[in-house]
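1. mind looking at a prediction? Sequence and model below.
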Amino acid sequence: MKKLLSLLLAAELGTAFAAGELFSNGKSDWQIVIPEHAGTTVQYASEELQKALKKVSGTELPIIKNKSPGISNRIVIGDLSSNLIKEKASALKLAFSPIEEIAVHTLDGNLYLAGNTPRAALYAVYTFLQDQLDIRWLRPGPEGEYMPQLKSYTLPELSVNKKPSFRYRGLHLCYRHVDPEFETWMARNFINIMRSDAGQRKTHQQRKMKGYHIMISNHNAHLPASLFKTDPECFAELNGKRHNRQICMTNPKTEKLVAEQMKKWVRNNPELEILSVFPADNMDYCMCKGCTAQDRSTTWFNFFRKICLDVREEFPKLKFSTIAYQGYLKAPKTDLSFAEIIEYCNHNRCYTHQLDSACPLNQRDLKDFAEWSTLKVPMGIYGYEFDIFAAENTVSIPFYNVIREGIRKFHSLGVQSVITEYWLGFPAKNPQERRLSVQNALGVWLYTRLLWNVNDDMDKLIAEWNSKMYGGAAREAAEITRILSENWDQLKGHISNYHNAPFGTAAAMFTPERFTKLKKLLKNGFEKKLSPQERTNFELLQSFVLQWEQVYFEGTQSNRQINIPKTPNAPYALPAFQTNNQGKAPRTDAFFSWDDKYLNITVHCYDSDMEKLRAEALKRDEQVWMDDCIEIFLSNPANTEGIYKHIAVNPRGTLYDAAAYGPGGADIHWNPEIKVKTELLPDHWKVDLKIPFASNPPVPKAGDVWRFNINRSIGNGRKGMANSGYPEASYHNPNGFAALSFSEKARVEKQVLFLVPEKFMKNTKNIGNALFRDGWNFQFCSCQKELPQNLDSYRILVVRLPQFGLQGKVDFKKLAREFLNQGKTVIFSSYEWLPLENYLGDPKLKLQGSGWKINKLRRNLDISTGKWGTTPENLQQPIKELLSPSYGYNPQTPEGWKSLISLEREDGKKFSTMLVRKQFNGLLIVTGGEMGLGGGHVLFGNTVNTVTMLLNNLLANRKELME
């Protein structure tokens, strides 16, 4: 009797006690109970629980609606809007609050999965499933689902209450803005807000069911272009003219028109909770007297305030937000106390260094953010973490410690909202393993977990990921993850903004030895016992390592390093500008040289429509980069703290020059006496720059190396043409800068052009490094568009295996004839059938190949005497010591040909491995040597020093060999 009374008393007081087995051997006597009038989110929560329990236990618990929980063996799901939960609020420790509060409690023989809101109730379900049953949703879809198979589960006493670290936790899906499967995954990982476009009523309803705050957000503070004809005064003014790329933010009519547009959206989207307002995504700001009467941020935020207060008169419960971004990043002189949240876009931060570090970029970013705190407005962060590399060169980003410390710093600053961009299904043309959302699956999962609980143990989370994703290969995966993460953390350079090229980063992160170690770990992992899904997951991990290796190879290619002569009258012609595959770029020819006082740069910018050139910036340090322009980023060894020089010139000759420390930070008071001259010609515009070394000390001496990037930017608003640049079309990306080596003597003679089939381009790194070290300017090309615009300065053309991938890609026949007609040297490096007579139109050039049955001793025989083998480089020793090339040729018409070296076949017949002759006005050479593009320990093979020696000798002794 006393025991019964004790139990009754315990129930009355709400004391928790163990409720027994939830399921055993595929059976259960438990039920799921939800309120009689449960909303869609609570119903969805019950279905999520039901499905998950069935997967782990094999039993499907019924879902019933009831006014009361029942006597026992009930899983009660609900929120404080229902009596089921409200009556137990005290025991569940729940109270009304703008932030979710969840409760996972055993009470009165029942399990309560409850929250103060329907969303919180859903999160209580996910918390129970993850914390108690070890369920995980690591990636979207079935392949990312981890459901342990359990025979039984005994429910312990539970009294768990949790609150998230941030009120709003979001991923802004870019490219593919709607993805139900991914949105389900986000909800299961406690993401509670999404940006939506207006007019997506069905999408809004589905998202609300999954617990999302509904926010309409895009660059919506604009007006239809159709109004430009009738109301031009509502649009931006620049240099006294109106344009429709932005609005005028101080015109009362503009305010009224935009506010009415917003009201229409709200009327058509009744689920809307937060209206985020932001102007067009460009920097063509209005420069009328009204808009320039105060700073740009204040102009925008005053406009934002007026619009929101106007809309709020009709919709008093609506919440408002916007983003502090681009020209609106600085804290304004505006009362924003009405706003729900202001999202500070920290695209100016550095992503290689932790936010709360001595990194100057991050210190400046935090300083800008701190100015907002004086406004006493709820602050959020709009992140670009996963945007930092260009889509055309995507790689997985192992910046896990940067993520963790950044989120912790946000929390310590009182940030209430964190929403970061995440590109879903992009680039669509790429295979799955080369898409951003697949490559960064671990990073974004960690991001979601830390937004929910900023103090979660990230190392434990990573270990959990590796264990559940890779099974038997978890140990190898953990070591790979550790190496990648540590390599990122030791980076000294800065990465900021977005869409950078990763080449320089890869070169700084890796070495060949590190890749050898990573590949060994991969090999060991594949030898472990793995399930089909675990093997697929491990193959993905392997692809991420190989992607970094490919980028590393491209990043260490020596055509990212140039030697410029100290002869302004004979400048170095830069290789062809690259576009990162973002479209077709017009031709650009750039030339560099130097003297005692200046770095001299001349650029020819060809344009098929010169009438449409944009050159609207008129004053120094205006937004020249919005025009057609040439932009130069320049760094010398004395530039510290992430600072480099940013110079831009438009066709008018308007100059922008600044000491930059990222895309959003610059000291425009750096105004050296740069000499600028521009010229408009019928088919192109030309700019000549003389940048004084005195403005960027120290003055270089021969052998010094600076870093640089040069870009041709197409004016904002011009369509059909892509930006381009050398070494790539990349902005504010010091890790991707090319090397600029200052040479005392003009070396225009030492320029060589290699034509190499694309599949063999991976073999160019070693020979490229050797050429650079030896003072050669060079370029490797596999197709016509990669050819330098100006070929005049190239003295030697090497055509490698033309019959195996150059046909139809590059007109090597025409190039070879042009070089020979101009008295230059052409080298055909090949094996097997080489129809030289067809290539050059001369039947006397027909050759017979040696075949592959050569003498196993591989000796170099019949070495011709002459300066070609001794001056200026002595080739005699390597010729004697190294193996012969594995293929040779003999001319069917010997007249005019001379053999410099031979090999011997097994049958004793000899074939030349280097034939030379005068052809047209130049020197023609045929060799079985691979010219540094393969060949092992072979003469003129991977022994790349013998190739540079040969090129030097051919250059010096061309006339002798033509006699």
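-> Happy to help now that I have it. Residues are numbered from 1 along each chain as shown.
2. would you map the strands across the stretch 201-350 of the chain?
-> When secondary structure is read from DSSP state E, counting those that start in this stretch, the stretch 201-350 of the chain shows strands at 213-217, 235-238, 241-247, 274-276, 319-324, 341-345.
3. what pairs with the fifth one, and is each one parallel or antiparallel?
-> Paired strands of strand 319-324, with direction, are strand 274-276 (parallel), strand 341-345 (parallel) (DSSP bridges).
4. from residue 616, how far off is residue 712?
-> 17 Å (C-beta to C-beta, to the nearest Å). To be clear about C-beta, it is placed using only N, CA and C from the backbone, and glycine gets the same treatment.
5. let me redo that: residue 848
-> For residue 848, the distance to residue 616 equals 65 Å [C-beta to C-beta].
6. now do residue 795
-> 43 Å.
7. kindly report the same for residue 532.
-> 59 Å.
8. residue 712 and residue 616: which has the busier surroundings?
-> In terms of neighbours (other C-beta atoms under 10 Å), residue 712 is the more surrounded of residue 712 and residue 616; the figures are 25 against 22.
9. returning to what we had before: of all the strands of the stretch 201-350 of the chain, which one is nearest residue 871?
-> For those, distance to residue 871 was read as C-beta to C-beta. The smallest value, 62.0 Å, belongs to strand 341-345.
10. and that closest one, what's buried?
-> Counting neighbours by 16 or more other C-beta atoms under 10 Å, one finds that the buried residues in strand 341-345 are 341, 342, 343, 344, 345.
11. and which of those residues is nearest residue 872?
-> Proximity of those to residue 872, judged by C-beta to C-beta, is greatest for residue 345, which lies at 57.4 Å.
12. give me the beta-bridge partners of the closest one?
-> As assigned using DSSP bridges, the partners bridged with residue 345 are residue 382.
13. which residues touch it?
-> 323, 324, 325, 326, 329, 381, 382, 383, 384 (C-beta atoms under 8 Å, 6 or more residues apart in numbering).
14. of these, closest to residue 275?
-> When those are compared against residue 275 (criterion: C-beta to C-beta), the nearest one is residue 323, at 12.9 Å.
15. how much space is there between residue 656 and residue 634?
-> 13 Å.
16. kindly report the same for residue 99.
-> 48 Å.
17. of these two, which one has the most company?
-> Each of residue 99 and residue 634 had its neighbours counted (other C-beta under 10 Å), and the higher figure belongs to residue 634 (21 against 15).
18. can you find the helix or strand in the protein with the smallest mean pLDDT?
-> Confidence across the helices and strands of the chain bottoms out at helix 2-13, with a mean of 38, counting by mean pLDDT, DSSP states H and E.
19. which strands or helices does the next helix-or-strand element following it pack on?
-> Under the assignment DSSP states H and E, the closest C-terminal helix or strand after helix 2-13 is strand 20-24. Under the contact criterion of 3 or more C-beta pairs under 8 Å, 6 or more residues apart in numbering; DSSP states H and E, strand 20-24 touches helix 40-57, strand 152-155.
20. how about a cut-off of 6 Å?
-> Applying 3 or more C-beta pairs under 6 Å, 6 or more residues apart in numbering; DSSP states H and E, one finds that strand 20-24 makes contact with strand 152-155.
21. I am assuming residue 646 contacts residue 657, so please confirm or correct that.
-> No - with contacts defined as C-beta atoms under 6 Å, residue 646 does not count as touching residue 657, sitting 7.2 Å away.
22. so where do the helices sit in the stretch 201-350 of the chain?
-> Taking DSSP state H, counting those that start in this stretch, the helices of the stretch 201-350 of the chain run over residues 201-209, 252-268, 296-314.
23. rewinding a little: got the strands of the stretch 201-350 of the chain as JSON lines, with distance to residue 908 columns?
-> Listed next are the strands of the stretch 201-350 of the chain as JSON lines, based on distance: least, C-beta to C-beta, whole Å:
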{"stretch": "strand 213-217", "distance to residue 908": "80"}
{"stretch": "strand 235-238", "distance to residue 908": "81"}
{"stretch": "strand 241-247", "distance to residue 908": "77"}
{"stretch": "strand 274-276", "distance to residue 908": "83"}
{"stretch": "strand 319-324", "distance to residue 908": "79"}
{"stretch": "strand 341-345", "distance to residue 908": "75"}
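24. need these in CSV (columns: distance to residue 672 and mean pLDDT).
-> Below are these laid out as CSV (distance: least, C-beta to C-beta, whole Å; pLDDT from 0 to 100):
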stretch, distance to residue 672, mean pLDDT
strand 213-217, 42, 92
strand 235-238, 27, 93
strand 241-247, 31, 92
strand 274-276, 42, 96
strand 319-324, 32, 97
strand 341-345, 31, 97
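25. using the three-state scheme, assign residue 656.
-> With DSSP: H, G, I helix; E, B strand; the rest coil as the basis, the three-state label of residue 656 is strand.
26. and it, how far from residue 723?
-> 16 Å.
27. how is this protein partitioned into domains?
-> Domain assignment for the chain by automatic domain parsing gives 2-162, 168-221+252-468, 564-742, 751-962.
28. how far out from the middle of the chain is stretch 579-596?
-> Here the centre of mass of C-alpha atoms in stretch 579-596, compared against the chain's by C-alpha atoms, centre = their mean, to the nearest Å, lies 22 Å away.
29. in it, which residues are buried?
-> Neighbour-count burial for stretch 579-596, counted by 16+ other C-beta under 10 Å, picks out 579, 580, 585, 586, 587, 588, 589, 590, 591, 592, 593, 594.
30. what residue is smack in the middle of the protein?
-> What sits nearest the mean C-alpha location of the chain, by C-alpha atoms, centre = their mean, is residue 389, with 1.3 Å.
31. and the closest residue to that residue other than its chain neighbours, what does it touch?
-> If you skip the residues right next to it in sequence, residue 389 has residue 502 as its closest partner in space, 4.8 Å away by C-beta to C-beta, 6 or more residues apart in numbering. By C-beta atoms under 6 Å, 6 or more residues apart in numbering, the residues touching residue 502 are 389, 393, 395, 551.
32. by neighbours, which of those residues wins?
-> Among the contacts of residue 502, the one with the most neighbours (other C-beta under 10 Å) is residue 389, at 26 neighbours.
33. ramachandran angles for that residue?
-> phi -110, psi 150 (degrees, to the nearest 10).
34. looking at residue 745 now. What's its pLDDT?
-> What the model reports as pLDDT for residue 745 is 65.
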